[in-house]
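Colleague: prediction below, plus the sequence it came from.
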Protein chains: 2
Amino acid sequence: MQIMLDTLKQWIDITDAEWQQFSAWCHKKQFTKGSILWEAGKIPEEVYFIEKGGVRVRVDAPDGKIHTLHFAFEGSFIADYSAFMRQQPAAQELEALEDTLCICLPRKAIEWGYATLKDGQKLGRLVAEGYFIYHDERILNQYIRTPAERYMQLSKTFPNIHNRAPQHMIASYLGITPVHLSRLKKQL
Amino acid sequence: MQIMLDTLKQWIDITDAEWQQFSAWCHKKQFTKGSILWEAGKIPEEVYFIEKGGVRVRVDAPDGKIHTLHFAFEGSFIADYSAFMRQQPAAQELEALEDTLCICLPRKAIEWGYATLKDGQKLGRLVAEGYFIYHDERILNQYIRTPAERYMQLSKTFPNIHNRAPQHMIASYLGITPVHLSRLKKQL
């Protein structure tokens, strides 16, 4: 779990004793490529830290279309965090893009962290702020950035994305057709 | 500033002494209808708590179109919070929908709050989480909700919106044309 500790230490001060106790609440889970980490419709009871692998967050629209909302790779937390916080059924489904090893943080671990870690609330603030900034960019994208600009931003955020996610998912994430995406890749 | 104190108390414990010190960092500002609270292009140095009135958050697209991203009324905080946190030029402009009285929280007030208030980090976490949930809904809207569902959700979130914001802003917020909006209003 060293990679999670290193990530936390970028944000907060955490003592060895705190880490010992906190990590005791967590456990590892392996997901094979294509499997679902958490289904839509179920109230999320854990947050994942990706130790190895990748995840896409998808939403299944009423018309049967599957949309790719987000990607996440090693070193990031992922969940339908909104549903997790509100304790409501997830609207978003988490799907392993490749064989993926996660550290699961059950709700109790997170609540314990807020109550007990000296910098627990600060950690929660920084995680929520990071998510917020990412989402805010996602909303702005559709208003002020062209598909080419969105494509370049994606390649910057996830440098290896084109080898790790199928083209139709990337196109869906960018809000364009796969044909448009392949034209963009040739142009840029 | 009682309304801000009441709002904070819904989220955290704050003593009278803490409030005295915190509120001393803040000051009131009056904005006339149509005026700009904070311009795009300038690094945001304050967050606003709306004591009376309403604000729309707009973004001016490169093609000259003005889009309405968000609304905020009495009892809420508003800012280009992403730009505020990253200390980057604002992409979003805040515009008073009506004569609006705000409490300004300068960056120093917020930093002081994190460092000094017993529950300062928790407050920051809850504000960021609230924003995150709202943004997450905004992203989901475009994928899984019809214009009619988005309209009903807006009316629930901002009950008096149709008397407080012009139709073209509401249509822009919903991602539909004003003609589509007026058709929807007749149907529902």
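Modeller: The structure has been received and is ready for your questions.

Colleague: residues contacting the spatially most central residue of chain A?
Modeller: Residue closest to the mean C-alpha point of chain A, counted by Cα atoms, centre = their mean, is A:I78 at 3.3 Å. By Cβ atoms under 8 Å, 6 or more residues apart in numbering or on different chains, the residues touching A:I78 are A:L37, A:V47, A:Y48, A:F49, A:I50, A:V55, A:V57, A:H70, A:A72, A:L94. For glycine as for every other residue, the C-beta is placed from the backbone atoms N, C-alpha and C.

Colleague: next, count neighbours for the closest residue to it other than its chain neighbours.
Modeller: When the adjacent residues along the chain are set aside, A:I78 lies closest to A:A72, with 4.1 Å between them (Cβ to Cβ, 6 or more residues apart in numbering or on different chains). Applying other Cβ atoms under 10 Å in any protein chain shown, we find 21 residues neighbouring A:A72.

Colleague: sec struct for A:A72, please.
Modeller: Of the three states, A:A72 takes strand under DSSP: H, G, I helix; E, B strand; the rest coil.

Colleague: what does A:A90 give?
Modeller: In three-state terms, and counting by three-state DSSP, A:A90 is coil.

Colleague: again with A:L105
Modeller: strand.

Colleague: who's in contact with it?
Modeller: Applying Cβ under 8 Å, 6+ apart, the residues near A:L105 are A:W25, A:C26, A:E46, A:V47, A:Y48, A:F49, A:F77.

Colleague: likewise for A:W25?
Modeller: A:W25 makes contacts with A:L105, A:P106, A:K108, A:A109, A:W112, as judged by Cβ under 8 Å, 6+ apart.

Colleague: which residues of chain A lie near chain B?
Modeller: Neighbours of chain B within chain A, by Cβ under 8 Å from any Cβ of the partner chain: A:59, A:61-62, A:67, A:69, A:81-82, A:85-86, A:91-92, A:114, A:119, A:121-122, A:124-125, A:128-129, A:131-133, A:135-140, A:142-144.

Colleague: show me the strands in chain A, by range?
Modeller: All strands of chain A, identified by DSSP state E, fall at A:27-31, A:36-38, A:46-52, A:54-60, A:66-73, A:77-78, A:93-96, A:100-106.

Colleague: so what secondary structure elements neighbour the fourth one?
Modeller: When contacts are defined as 3 or more Cβ pairs under 8 Å, 6 or more residues apart in numbering or on different chains; DSSP states H and E, strand A:54-60 packs onto strand A:66-73, strand A:93-96, helix B:120-144.

Colleague: sweet, I'm off.
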